[in-house]
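J.: Model the structure of this input:
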Amino acid sequence: MSTNDENRMHPVRSLLSIAEGKRNFLVLCHNNPDPDAIAAAAALKFILSHEMKSKVVIGYGGIVGRAENRQLIRRSKVELTNVKDIDFEEYSFICLVDSQPRSGNNDLPRHIIPDAVIDHHPMRKETRQCRFYDIRPHYGSSSTILTEYLRELDIVPERRLATALVYGIKTDTGWLNRSASKADLEAFNFLFPLISTRTLAAIESPPMPKSYYIKFIDSINNAVQYQDVIVSDLGKINNPDVASEMADFLLRMENIRWVLTLGEYKDELILSVRTSRRGWWAGKVALRILRGIGIGGGHEKAAGGKLNLSGLAPDQKQRKLEKVIERFLNAVGAAGIAGRSLVPFSPPDSPKTNGGSISSTVTQ
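T.: Coordinates of the predicted model:
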């Protein structure tokens with residue numbers, strides 16, 4: 001948060017004071033935005049449009065791959081513009097939401113220092129250069145921060161926005177069961193009477209493509225178990241969100257405490273880390289296993305990251321993957337444990353999958 005006491009006590013009013021007189025606002029999400037980033041950006045756009053009477057564009061990099069996220073955008077009528085269609089020099093006020101400068105997960109040009117940053121991840125030193133920053137790592141979601149902004153301004157969000165914010169809080173906190181704070185609960189309780197339960201149900205249960213179910217086959221067939229740890233190489237994936245979806249799915253297996261899923265998307269190795277252990281920070285594990293070779297981070301129960309694979313031969317990619325797995329097993333105390341395939345064998349007539357294989361690193 002900004003360093004003076006007034007900003008700490010009235011953050012949204014301080015933000016609006018800094019934004020006074022500006023025109024053409026850009027609210028930038030992290031790449032491949034999740035529901036929390038989408039909902040928080042929509043709320044900030046509403047606030048800036050309402051208070052500044054100016055044009056506000058929500059930008060993002062990458063893709064919106066997950067079916068639920070696309071449904072959220074459609075049902076909530078959130079307009080997003082990909083960074084490939086954005087000229088950053090056209091905007092006199094730029095705000096990062098659910099991300100921070102030079103974190104590696106957004107497409108803000110490195111030479112641009114945003115005017116404002118709102119996030120619930122740990123503070124980065126580059127963020128301190130911004131005129132305004134509101135960083136609350138003890139909060140479970142950025143949607144909670146934006147809900148508090150609305151309440152500070154005595155604005156009751158309309159039904160679509162309230163529904164989006166509830167879904168943002170829900171997904172980042174696992175229905176308030178993961179890394180949630182008292183503030184998240186209070187925001188949820190404020191918003192829930194305002195939502196459309198029918199819209200929320202439609203967002204949570206969208207039609208799923210066939211490829212979604214095929215990837216579930218990959219995640220199971222390629223999973224290797226090390227006592228209470230599962231690692232699954234998904235091979236090539238058609239969107240980065242697949243890794244996190246499969247990690248959430250595998251963590252539900254009884255007696256499993258840690259999960260690592262990996263998938264190759266374009267020229268990057270995407271990974272997701274999940275844990276059910278209290279007091280063990282998945283975000284710190286992600287940072288540890290990617291130190292010096294990639295970027296990553298997250299929260300107590302969920303984290304992710306990526307590393308660059310461009311220009312690497314297949315055997316070099318395999319060595320990178322094995323290095324990440326080795327570091328992960330060391331970090332979670334599973335080094336030296338013989339791994340075994342989650343599925344001991346496949347029926348002769350089972351469909352072939354296009355997933356990867358880490359069988360060379362384990363004992364079958």
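J.: where do the strands sit along the stretch 1-150 of the chain?
T.: Shown for the stretch 1-150 of the chain, the strands assigned by DSSP state E, counting those that start in this stretch span residues 25-28, 56-60, 81-82, 93-97, 116-119, 132-135.
J.: Which of those sits closest to residue 230?
T.: strand 116-119 (29.7 Å; C-beta to C-beta). (Each C-beta comes from the backbone N, C-alpha and C, glycine too.)
J.: Paired strands for that closest one, with orientation please.
T.: strand 93-97 (parallel), strand 132-135 (parallel) (DSSP bridges).
J.: hmm, back to that, format the strands of the stretch 1-150 of the chain as a markdown table; extra columns: mean neighbour count and distance to residue 106.
T.: Shown next, in a markdown table, are the strands of the stretch 1-150 of the chain (neighbours: other C-beta atoms under 10 Å; distance: least, C-beta to C-beta, whole Å):
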| stretch | mean neighbour count | distance to residue 106 |
| --- | --- | --- |
| strand 25-28 | 26 | 6 |
| strand 56-60 | 22 | 8 |
| strand 81-82 | 13 | 13 |
| strand 93-97 | 25 | 6 |
| strand 116-119 | 26 | 10 |
| strand 132-135 | 22 | 15 |
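J.: CSV for those strands, including distance to residue 275?
T.: Formatted as CSV, the strands of the stretch 1-150 of the chain follow (distance: least, C-beta to C-beta, whole Å):
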stretch, distance to residue 275
strand 25-28, 29
strand 56-60, 28
strand 81-82, 33
strand 93-97, 26
strand 116-119, 22
strand 132-135, 23
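J.: could those go into TSV alongside mean pLDDT and distance to residue 143?
T.: Below are these laid out as TSV (pLDDT from 0 to 100; distance: least, C-beta to C-beta, whole Å):
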stretch	mean pLDDT	distance to residue 143
strand 25-28	98	14
strand 56-60	98	14
strand 81-82	98	20
strand 93-97	98	10
strand 116-119	98	11
strand 132-135	97	13
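J.: give the contact list for residue 151.
T.: residue 190 (C-beta atoms under 8 Å, 6 or more residues apart in numbering).
J.: Quickly note the distance from it to residue 11.
T.: 12 Å (C-beta to C-beta, to the nearest Å).
J.: just residue 209 next, same as before
T.: From residue 209 to residue 11 the distance is 41 Å (C-beta to C-beta).
J.: In stretch 137-148, which residues are buried?
T.: 139-148 (16 or more other C-beta atoms under 10 Å).
J.: what does stretch 202-221 give?
T.: 202-203, 206, 215-221.
J.: can you list those residues in CSV and add secondary structure and distance to residue 75?
T.: Shown next, in CSV, are the buried residues of stretch 202-221 (DSSP: H, G, I helix; E, B strand; the rest coil; distance: C-beta to C-beta, whole Å):
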residue, secondary structure, distance to residue 75
202, helix, 6
203, helix, 6
206, coil, 9
215, helix, 24
216, helix, 25
217, helix, 29
218, helix, 29
219, helix, 27
220, helix, 31
221, helix, 34
